[in-house]
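Asks: Got a predicted structure here, sequence first:
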Amino acid sequence: MGLSCSCGEYDGEGWWFFPPDDYERAPAGRRKRCCSCKSLIEIDAICTRFTRGRGPNTEIDELIHGDEISLASWWMCERCSDLYFSISELGFCITLGDSMLDLVREYRENYGPAMEEV
């Protein structure tokens, strides 16, 4: 989606995520795939977890699960997590699933020093 200074309001459609506070170790069992660069995250590697949820789609959903339905967490490798924390610290809103490398490239093009031609 690209860099944005405002996240907008949740309109009740789709899903949301809760940003991580810190790094953690990837769980044992199965490797996870980074939601940003799509690389495999090794078991016990340093990474971040993004807890996700959504609202009920039907009355049955609401009766069974209530107002919030938990979805599978998404994971980000250490390199992409570093970039995520840096970009969000600058005040930009990040759409989960965007490539952090592309966002850094966009930031550099828009806000970095002008490159001199040789």
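Replies: Received, thanks. Numbering: from 1, shown residues only.

Asks: how distant is the helix or strand of the chain with the lowest mean pLDDT from the center of its chain?
Replies: Taking mean pLDDT, DSSP states H and E as the measure, the helix or strand of the chain with the lowest value is helix 59-65, at a mean of 86. Centroid separation between helix 59-65 and its chain, computed with Cα atoms, centre = their mean, to the nearest Å, is 27 Å.

Asks: Can you name the next helix or strand after it?
Replies: strand 69-77 (DSSP states H and E).

Asks: just checking, what packs against that following strand?
Replies: strand 46-54 (3 or more Cβ pairs under 8 Å, 6 or more residues apart in numbering; DSSP states H and E). Bear in mind the C-beta positions are built from the backbone N, C-alpha and C, glycine included.

Asks: the inter-axis angle of the strand it packs on versus strand 69-77?
Replies: Using axes from the mean of the first three to the mean of the last three Cα atoms, to 10 degrees, the inter-axis angle of strand 46-54 relative to strand 69-77 is 160 degrees.

Asks: which parts of strand 46-54 are buried?
Replies: Buried residues in strand 46-54, counted by 16 or more other Cβ atoms under 10 Å: 47-50, 52, 54.

Asks: Of these, which pair is most distant in space?
Replies: Using Cβ to Cβ, those span at most 22.7 Å, a distance reached by Cys47 and Arg54.

Asks: Name the residue closest to the centre of the chain, please.
Replies: Centroid check for the chain by Cα atoms, centre = their mean gives Leu96 as the closest residue, at 3.2 Å.

Asks: That one in helix, strand or coil?
Replies: Here Leu96 is coil, with the state taken from DSSP: H, G, I helix; E, B strand; the rest coil.

Asks: Please list all residues in contact with it.
Replies: Residues in contact with Leu96 (Cβ atoms under 8 Å, 6 or more residues apart in numbering) are 17, 35, 50, 52, 74.

Asks: just these now: which is nearest Cys5?
Replies: Nearest member of those to Cys5, counting by Cβ to Cβ, is Phe17, at 18.7 Å.

Asks: What pairs with the one helix or strand that closest one maps to, parallel or antiparallel?
Replies: Assigned by DSSP H and E, Phe17 belongs to strand 15-18. Here strand 15-18 has these sheet partners by DSSP bridges: strand 46-54 (antiparallel).
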